[in-house]
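Novice: I'll drop the sequence and a predicted model, then ask my questions.
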Amino acid sequence: MKQVNISPIYIYRKELKTLIVNKEIEVKHEKGLHARVLAMVVYKVSELQKKYKVEIFIKYKEKKKVSAASLMPLVLLKVKQNEKIIVEAQGEAPQEALEEICSFLESDFDLEDKSTINQVDTIINNNTMTLEQVFSNIPNGIIATDENDIITIFNEEAERILGLSSGEVIGKDVDKVIYQSKLKEINKSGKSELMVREVINDRILLINRTPIMIDKISKGALAVFSDISNLEKVKNELKTVKELKERLQLILETVQDGICVMSSEGVITYVNRAYLRILSEKEENILNKNIRDISPDGVRRRVLETGKSVVGALSYKENDVTIVCNVNPIIVDGEITGVVSVIKNITEVKKLSEKLKKASAKAEYLEEELFRTKKPDLAFSKYIGYSGKVLDALATASKAAKTNTTVLIRGESGTGKELIAEGIHYGSKNAKGPFVRVNCAAIPQNLLESELFGHEKGSFTGAIKRKLGKFELAQNGTIFLDEIGEMDKSMQAKILRVIQEKEFQRVGGEETIKVNVRIIGATHRNLEEMVRTMEFREDLYYRLNVIPIFLPPLRERRQDIAPLLEHFINKISKNIGKNISLVKNDAMEALLNYSWPGNVRELENLVERLVALNENQVIDLDDLPSYMRQERPMKHEKAHVTSIIEDDILPLKEYEKIIIEKALKRYGSYNAAGKVLGLTHKTVAAKARQYGIEKKISWE
């Protein structure tokens, strides 16, 4: 390092009795002022400052001068070979110190001397330990990598935020231990990412990523991040408070009640627009006025002085206006800090009361409509339908699922009663319990009791061991009794006991078994008629019919045929590996006009048949059964019936002949016509022979 031939500059500050001298020198060391050289400079400067009672500084380019007794500021100057610096000394006699430090800077900086090396190492170690303490105590997470993307720094805050220890990550490839650190990309690109907000380990972090640039070459990357979760929380809370304040202000300004707020001194600090309107006053006549001056004998002054609320005080104003007033003290930490007065015009209240009744009725209606028409719970997602009757049924079922009472599902065969029962079960608190199905019509009556309640060993011939009944198997769940109208009256009595007492006995047993089971019944029969004819117990009917659900037949919900058809085509095509892409209009019209005596089950069976036999991915009219192709639109049928009614009155048998002839012509078989007319195929055939219309009719 060599001094440039420039004379020192002397400055004397009389007021401080301080002499300042400086000199510009040029750095000749091949590595510039690197860390170990600067450590020697710091050591030398420390000695000179003590010896001459001066301060020594170094200034580089346009940067501020820094103390030559501190290593880190000098290192950050990054002085290179052949660059100039200004050395400055301040004090009572700085010339000697300046000459000596410049002379020192001109030396060869012998780093081979052991004592010098020890001094340099001590300074470097002290600064390193200081940096480590800074990194450990800084309230930000810090991660640094070298040019090979190996982690070299991982401070305590980084450990806390990321949940990793420094021992786990230091010396490791950054991408192998920290997911999506992005430090490799920063090191490779040499470009910074600043103020990036990311969520890591459920913490909201603010991250700055920068490359470590040395001589314009990236030698690693640095990530500095802080956990701003609490700040975000505070920010959100502050936002909430502001929103609440604005809402409250809006409420205060829009409510019909007049509101007046007073301070502890009785000064009115706030009135809303309704208050001014009710009293027909202007704001300047009330606001900032003292209640003792404008209403010295009023209720508000009394509440302010006593701290006791007054409710329902009446005040009579001009023009026969009667005002009711509620006044309450504002008490904070046991002290009265103000008063709030709320007034309302009783005349307006009466009007509002009528409006409120209407609004309440409308709201109740809309709520019912919303509940009825909203998308059903997931528990009922298998039941496809959008007609009014279906939505009504699903709404009732959804409500029933929230209770534990008995339910009776009514509807023709094939309308989906079991699906509704499943939905009620899986939408209820018993959803985790079993769902047990029993078809009461499919089990002989002499075996039904054993099937439902179980039996003891030896209770009858063939009972070789104890058997648990369906009620026990359904414990803490739901039992679905399908076709419950087929039970004989002795079984009806036993079911009634289970509903009422929550208990039963096995066949051949004496032990009383307690059960916690939800009972859902279903039937296609007219139970009311069965009660009238004493085929069904009246008491059991009322116990079952607590929540009745009526499922409409498919002919009464024709708008659901298209979505049901699409559902079954997709489902069945997937199962058997076919791909049906189109149902032609004439086929769809025929399906819509068909009366569907077998309901949804018949539709599903038909779709399975059509998909299985289809070879061209399109369903057209010719693919449908003949009895469906021959049906006319329903509107034609209604017109025909109307014309019959409007014609001259005929004998009853003539009407019977017309109806049977029409049914046979449309459906083409005694069986299909019988289903529609509610008769057996034998009866239809007999009537056809009676009226001479049996030709070319099949028994299909």
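Specialist: Great, that's in hand.

Novice: show me where the stretch 201-350 of the chain has helices.
Specialist: Ranges of helices in the stretch 201-350 of the chain, per DSSP state H, counting those that start in this stretch, are 229-254, 273-279, 291-294, 299-306, 346-373.

Novice: correction: the previous question concerned the stretch 601-700 of the chain.
Specialist: 626-629, 634-646, 652-667, 670-677, 681-691.

Novice: in terms of mean pLDDT, which of the ones you listed ranks lowest?
Specialist: Among those, helix 634-646 has the lowest mean pLDDT, at a mean of 43.

Novice: start to end distance for stretch 258-276?
Specialist: One end of stretch 258-276 sits 7 Å from the other (CA to CA, to the nearest Å).

Novice: now that stretch: mean pLDDT?
Specialist: 90.

Novice: list the buried residues for that stretch?
Specialist: 258-263, 266-268, 270-272, 274-276 (16 or more other CB atoms under 10 Å). For glycine as for every other residue, the C-beta is placed from the backbone atoms N, C-alpha and C.

Novice: distance from it to the middle of the chain?
Specialist: Relative to the chain's own centre, stretch 258-276 is displaced by 42 Å; criterion: CA atoms, centre = their mean, to the nearest Å.

Novice: what sits up against it?
Specialist: 252-253, 255-257, 277-279, 281-283, 286-292, 300-301, 304, 335-344 (CB atoms under 8 Å, 6 or more residues apart in numbering).

Novice: three-state assignment of residue 579?
Specialist: Three-state call for residue 579 (DSSP: H, G, I helix; E, B strand; the rest coil): coil.

Novice: give me every residue that touches it.
Specialist: Applying CB under 8 Å, 6+ apart, one finds that residue 579 lies in contact with 573, 617.

Novice: ramachandran coordinates for it?
Specialist: Dihedral pair for residue 579: phi -140, psi 90, per degrees, to the nearest 10.

Novice: for residue 562, see how far away it is.
Specialist: As for residue 579, its distance to residue 562 is 19 Å (criterion: CB to CB, to the nearest Å).

Novice: quick check: nearest residue in space to residue 200, chain neighbours excluded?
Specialist: Leaving aside its chain neighbours, residue 200 sits nearest to residue 162 (7.0 Å; criterion: CB to CB, 6 or more residues apart in numbering).

Novice: quick one: residues in contact with stretch 484-493.
Specialist: 440-441, 445, 448-449, 452, 495, 521-525, 527, 530, 535-537, 540, 544.

Novice: now go through the residues you listed and say which are in helices.
Specialist: Per DSSP state H, helices hold the following members of these: 445, 448, 449, 452, 495, 527, 530, 540, 544.

Novice: among those residues, show me the least confident.
Specialist: residue 445 (85).

Novice: got a list of what it touches?
Specialist: By CB under 8 Å, 6+ apart, the neighbours of residue 445 are 487, 488, 491.

Novice: any idea how far it is from residue 525?
Specialist: Here the criterion is CB to CB. By it, residue 445 lies 16 Å from residue 525.

Novice: just the CA coordinates for stretch 431-441, please, in PDB.
Specialist: Only the C-alpha atoms of stretch 431-441 are listed here, as PDB (Å, rounded to 0.1, in the frame of the first residue of the first chain):
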ATOM      1  CA  ALA A 431     -75.100 -42.000  11.100                       C
ATOM      2  CA  LYS A 432     -72.100 -43.900  12.700                       C
ATOM      3  CA  GLY A 433     -74.500 -46.700  13.800                       C
ATOM      4  CA  PRO A 434     -75.800 -49.500  11.600                       C
ATOM      5  CA  PHE A 435     -78.600 -49.100   9.100                       C
ATOM      6  CA  VAL A 436     -80.600 -52.300   9.000                       C
ATOM      7  CA  ARG A 437     -83.200 -53.100   6.300                       C
ATOM      8  CA  VAL A 438     -86.200 -55.400   6.800                       C
ATOM      9  CA  ASN A 439     -88.700 -56.100   4.100                       C
ATOM     10  CA  CYS A 440     -91.800 -57.200   6.100                       C
ATOM     11  CA  ALA A 441     -93.500 -58.500   3.000                       C
END
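
Novice: the chain should start at 805 in everything you say after this.
Specialist: Shifting the count to begin at 805 puts that one at stretch 1235-1245.

Novice: what's the average pLDDT for it?
Specialist: Mean predicted confidence for stretch 1235-1245 is 92.

Novice: contacts for that stretch?
Specialist: By CB under 8 Å, 6+ apart, stretch 1235-1245 touches 1183, 1222, 1225-1226, 1229-1230, 1252, 1255-1256, 1274, 1277-1288, 1290-1291.

Novice: which strands or helices does the helix or strand residue 824 falls within pack on?
Specialist: Following DSSP states H and E, one finds residue 824 within strand 822-830. Using 3 or more CB pairs under 8 Å, 6 or more residues apart in numbering; DSSP states H and E, the elements in contact with strand 822-830 are strand 806-807, strand 813-817, strand 888-895, helix 898-910.

Novice: and with 6 Å instead?
Specialist: strand 813-817, strand 888-895, helix 898-910 (3 or more CB pairs under 6 Å, 6 or more residues apart in numbering; DSSP states H and E).
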